[in-house]
Each structure stands twice: as C-alpha cells, then as structure tokens.
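>>> 3D model of this:
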Amino acid sequence: MAQPPILSLEGLGLQQGGRWLFGGPQPGQGAAPIDLHVLPGDRLALIGRNGAGKTTLLKIVDDQIEMDRGIRRVKQGARIVFLEQDPDFSPFETLMDFALAGDDAPAEHEVDSIAGQLGIEMDREAATASGGEKRRAAIARALAQDPDLLLLDEPTNHLDLSAIDWLEDWLTRYKGAFITISHDRTFLKRLTNATLWLDRGTMRRKDVGFGGYEAWEEQVYAEEARAAEKLDAKLKLEAHWLERGVTARRKRNQGRLEKLGQMRAARAAMISDTGSAKLKLANDSDFKSKSVIVAEGITKSYDGRAIIKPLTLRIQNGDRIGIVGSNGAGKTTLLRMLTGELEPDSGTITRASTLSGVMIDQQRRLMEPSASVRDILAEGGDWIDVRGVRTHVQAYLKDFLFDPKIVDTKVGILSGGERSRLLLAREFSRPANLLVLDEPTNDLDLETLDLLQEVIADFDGTVLIVSHDRDFLDRTVTVTLGLDGSGSVDIVAGGYEDWEAKRTKRVIGKSKPKAPSPTETTARSSTKSDKLSYKDQRDYEILPARIEELEAAIEKGEAILADPDLYAADPNRFATISKGVENARREKDAAEERWLTLAEQVEG
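Sure, this is the predicted structure:
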C-alpha cells in the first residue's frame, strides 16, 4: 500500500517584489500554480537559476513564508528540519548554544555524537568560528533532530572533502526524505533519485536523479524552441536567448573537455611517476621560457608543524592548477606563497615579470548594496572595456546569463548567487594573465558553473583554483596539487578524480602485504587466525579482485552515460545504468574501507 506524502503543496502561488514568483501569469504562459508532493524515500534535487526562488520554496515547505494562495499539508507528527545556507549565529555564545536553541532542539548527546564524527568542538565560541566550523555545527544540529523531511540549502558550502564524504555517507543511510539545493554536481549525482526544476515561475518534476537532469533539460528546451517558431521574432529573441545560450554553451563545453584531456596528457608527460612533489624538467628551453611561476624547494611551518614540506613546482603559462585538501591542510598557505602574498620559510619562488593577476576570493568582499549593476560593471556608463575590447554593458550582461533589463537594478536586491555572478563578470573583464579563484563555485547555480568553466577554458593565461567542488575541478584543471595535511603535496595530471585514484592506490599499495607463496600460506595461517575470523580472512583475500571488478563496471557505465543522446533515446536504460553506477560506487567505497581495516589488523 502506497504511503501518504510527508508534505504536499497544492496550487502554490507567491508574489514577491510586486510580481508573481510562483503561481501567477508567466511571460508567454498562463497561470502556473505549483504542486509538490514529497513521499517517504524521496531524494529530490531542487534545480533552478539564481533568483528562480529555490530557497524561497524551501522556506515555504518549512512554513517560514506564508503563501499568497494554495494549501500546505504535512503528515501528522512529521518533523521537517531546514539546514539553512547561512544561519544566524550572532545571538549565541557557543556553537552548542546555537544547536540547542528553539522549541524543537535536539538532545545534547545526539548533537555531540554527530559533531564528534564531523570533527567539530561544539564549545567553540560562535563569534570566532570559521565558516566551515559553523556549517558543521549547523549540520550536527539538523541531523540530530532525526527529521522525516530534511531541507538542505547548499549543504556542502564551506565543507572540506572529508566532511562532504561523511555527509554523503550519512545521507545514503538516512531513512527519511530530503530536498537539496546544491551546485555540487558530484553530491547530486550520488544521492538524488528525482529532480525538481524551477524555471520561469513553474516547476517540473522528473523521477530521475540529477544524473539525468541535463539530458532532460535539453529535451525540454528543444521542444520549446520548436514551439517558439510559431512566435514572432521579437518574442523569440526575448524569451529564448538564454535557453539557446545554455544549449550552445553545453555543446561547446564538450569540445573544451576534449581539449582539456589533451592538455592533461601533455602535462602528465612532464610529471614524475615517483609520487614525489616534483616535476621533471623538460630538456628543451621552451619549457623553461613558458614557466610563469617556479618554486624550488619551498617550505612553510607554523608553530613547529610542517604545512608545506620541500616542494618543487614549475607552473607554465596556460596551466589550470587545482589545489585540494582538507581544511587546515595548507591550501591557502600554498596559494599565497605562489602568488607572492606570503614568503616561504626556505626555498625560492620566481615569477614572470609580466605576471598580472586578478583574485576572486570566497568572501565576496565587494559591491555596495545601493550601487546599481551599471555602477559595478561600467562605473555608471553604457560601455565597458572587456580585456581591451569596448562592449555595451547590456550585451556583456547577457554573456553572464543576466537579463539585460537588470542593468539599473540595485545590487542589494540581487540574490546571493546573482551577486557572485556579477562579481565574476566584473573581475573577468579586467586585463590579466593570472586568475586566482578561491572557492569560486559557492553560491553559483549550475548554468553559471558551466559559464565559469567556459571562461576558464578560453582564458589565455594561467589559473590557480582552490576548491572542494570535485566535478568543477574535473571539468577545468590540468594539474591537481593534493595536500594531505602532513605537509606533503601530490602533483597529479588531471582533476580531483585523478588525484583521488592515485591516493587510494597508494594507500592500498602501502597497506597490502606481499602475497605469500603457497609454502608460506600454511605457516602464516595460524598467525592470521589470531587476528582475523574465517569471514574476515576470506574478505581480506577476495576484496581486491572485487574492487577491480567494480572499478571496471563503473568505468563501463560512465562511458555509456557519456552518450548525450542516450537519455532522449532510452530514458529507462539511462536510469537503470545510472542506478547501477551509483550502487557500484557505493559498494566499491565500502569494499575499500573494509579491506583497509582488515589490512591494518593483519599488519598488527
């Protein structure tokens, strides 16, 4: 028997700023009320451009915002918990005070349990806590309430890779339903089983996880484009320029990904295979002449702790360098040394005399709320110099996915994501041959991430990126610098997945004892039996082969899913293969963790 919905919104309509955000007349459409039904077991990705109303919809679900029309129903006794993007910690002395506030506060021991797994001390002063510490505290508070429906607004913002992995594992085992807004494609692909798409005041639902979203979006836009042929030219231009731009951009990015693969292959030929943080120097002088940043044996320590152990690195013009690692591993320290903001304790760094950089940092320090978009981009005028090319400000706004009509809108009215996109538009217009991006993907929607990928790919200079966004790194960087927190830096040609594969292989290789000869097996069996049960011993012996099988299955499934026409041609097959890849990934992760645990027992 089908279970009743945890929550239902029927005929939702909401006005905002004098216009219908949901449920009212839309351009070229009639009234478009929203219906939403969340069932037990739903894992819903909520997708939409910045300003489409994603966070507003979650607040309606959470009963923080009253609808102008429509009905909201909640299953009796159901608990709905909202993990906000930027909760207010200012009234609270400690993180625990924040976690235990409110009528529906969780038990303190439940908060402590989750906080311990996330590695956050809840007695930390709220006023001095970092963004990452506040995010972990908010997660601990939300999860400890044991919700039936969990609302997640950009849950991976400010989290490092280990915390993201932990959250993904928790949500995989979670028995309730959730709706999540996220720019993290990897997070969405791994966890969701249905997609809600907010688009121009309406909402569509497709019972396929985020892995099938882009193909679905392309299909919808293609159908709209055919319908638009019946409209007059002016209406087509105004109503469909953005959709056509998104489709064209995605196709161009496929070509850029092919080029990225070629660049990675060329860079791999220069990187040593010893696992040390050192690049082979090319024999010809051309390699040296193209170098823009050369670090020779640089180190950095704080309070006796090695942050960067001796590191030698040559960065060439055109390199896209990704820097990854857990919070506190030294990513920002390394970035500051490479750009000249911080001197190394030892070693030398030489930079090309012509190097001219632009930094876009994660604090988004900029932009007076009372200033207009025109003020920010063109100092109040109609024209802007975009890397030396005179461009009309409204045309430049379209390049960054804005409606040109917002040119005189005040910055304070824009959503957080729109402000971030405006900042990117301003900074990318400036002449530079070095871009430094510190967590650039926070607050950006998926279309803007595609745009950012395009801008980086077309940039003539060098790019340094600090990010926890795994998919974004896989789409943009040619070399990854991986920091493990010990001071060592891995240099890997490729993106996050390439670094993760090397790290996993190294860990397994170090842990796995040399396979015994047949004559040694009997002699060792009595020793191992003291450490492993029969089942443990069998798992220890067969799991490496199983891990290899799963890796092959994942690679095969991903190759099939890469076909852009598959979803439209056979959506059921697409969903089946997506689910199979997702299950294989989970099994592989569990198998690797199980094998490493057993290997530690074997080695004593």
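
>>> When you work out contacts or count neighbours from here on, use the C-alpha atoms and nothing else.
Fine.

>>> Can you give me the distance of Val463 to Ile547?
Distance, Val463 to Ile547, using C-alpha to C-alpha, to the nearest Å: 35 Å.

>>> my bad, should have said Ala457
In this view, Ala457 and Ile547 are 34 Å apart by C-alpha to C-alpha.

>>> ok so, going back, Val463 and Ile547 - which one has more neighbours?
Val463 (25 against 20; other C-alpha atoms under 10 Å).

>>> Residues in a beta bridge with that one, which ones?
On the basis of DSSP bridges, Val463 is bridged to Arg320, Leu435.

>>> That one and Gln453 touch, don't they?
No - with contacts counted by C-alpha atoms under 8 Å, Val463 stays clear of Gln453, the gap being 11.5 Å.

>>> For Asp104, give me its contacts.
Contact analysis of Asp104 by C-alpha atoms under 8 Å, 6 or more residues apart in numbering lists Gln145.

>>> Just the pLDDT for it.
In the prediction, the pLDDT value recorded for Asp104 is 86.

>>> ok, now Thr274?
41.

>>> got it, and Arg387?
Reading off the model, Arg387 has pLDDT 78.

>>> give the contact list for it.
Taking C-alpha under 8 Å, 6+ apart, one finds Ser429, Arg430, Pro431, Ala432 in contact with Arg387.

>>> Going by neighbour count, which of these comes out on top?
Greatest neighbour count in the contacts of Arg387, by other C-alpha under 10 Å, goes to Ala432: 18 neighbours.

>>> That one against Met359, yeah?
No - using C-alpha under 8 Å, Ala432 is not in contact with Met359, being 10.0 Å away.

>>> Just the helices from the stretch 301-450 of the chain, written as ranges.
Using DSSP state H, counting those that start in this stretch, the helices of the stretch 301-450 of the chain run over residues 331-339, 373-378, 393-399, 416-428, 446-458.

>>> Which one, of those helices, ends up nearest to Ile308?
helix 331-339 (7.4 Å; C-alpha to C-alpha).

>>> Give me the buried positions along the closest one.
For helix 331-339, burial by neighbour count (16 or more other C-alpha atoms under 10 Å) applies to Lys331, Thr333, Leu334, Leu335, Met337, Leu338, Thr339.

>>> okay, and the helix or strand of this protein with the least pLDDT?
Lowest by mean pLDDT, DSSP states H and E among the helices and strands of the chain is helix 518-529, with a mean of 37.

>>> and after that helix, which helix or strand comes next?
helix 534-561 (DSSP states H and E).

>>> Show me what that next one is packed against.
helix 571-602 (3 or more C-alpha pairs under 8 Å, 6 or more residues apart in numbering; DSSP states H and E).

>>> Now do the helix it packs on and helix 534-561, the angle between them.
Computed by axes from the mean of the first three to the mean of the last three C-alpha atoms, to 10 degrees, the angle separating helix 571-602 from helix 534-561 equals 150 degrees.

>>> could you say what helices and strands helix 571-602 packs with?
Partner elements for helix 571-602 (3+ C-alpha pairs under 8 Å, 6+ apart): helix 496-511, helix 534-561, helix 566-569.

>>> could you redo the last one with a cut-off of 10 Å?
Applying 3 or more C-alpha pairs under 10 Å, 6 or more residues apart in numbering; DSSP states H and E, one finds that helix 571-602 contacts helix 161-173, helix 185-191, helix 496-511, helix 518-529, helix 534-561, helix 566-569.

>>> starting at the chain centroid, how far to the longest one?
It stands for helix 534-561. Chain-centre distance of helix 534-561: 26 Å, with C-alpha atoms, centre = their mean, to the nearest Å.

>>> try stretch 457-471
With C-alpha atoms, centre = their mean, you get 13 Å for stretch 457-471.

>>> before we move on, what about stretch 206-218?
Worked out by C-alpha atoms, centre = their mean, stretch 206-218 lies 18 Å from the chain centre.

>>> Could you list the buried residues of that stretch?
Buried, per 16+ other C-alpha under 10 Å, within stretch 206-218: Asp207, Val208, Gly209, Phe210, Gly211, Gly212, Tyr213, Ala215, Trp216, Glu218.

>>> Please verify my assumption that the third one contacts Thr195.
It refers to Gly209. Yes - assessed by C-alpha atoms under 10 Å, Gly209 is found in contact with Thr195 at 5.8 Å.

>>> list the residues that contact both of the two?
Common contacts of Gly209 and Thr195 (C-alpha atoms under 10 Å, 6 or more residues apart in numbering): Arg43, Leu44, Ala45, Leu188.

>>> would you turn those into CSV with neighbour count?
CSV is the format used below for the shared contacts of Gly209 and Thr195 (neighbours: other C-alpha atoms under 10 Å):
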residue, neighbour count
Arg43, 25
Leu44, 26
Ala45, 27
Leu188, 22
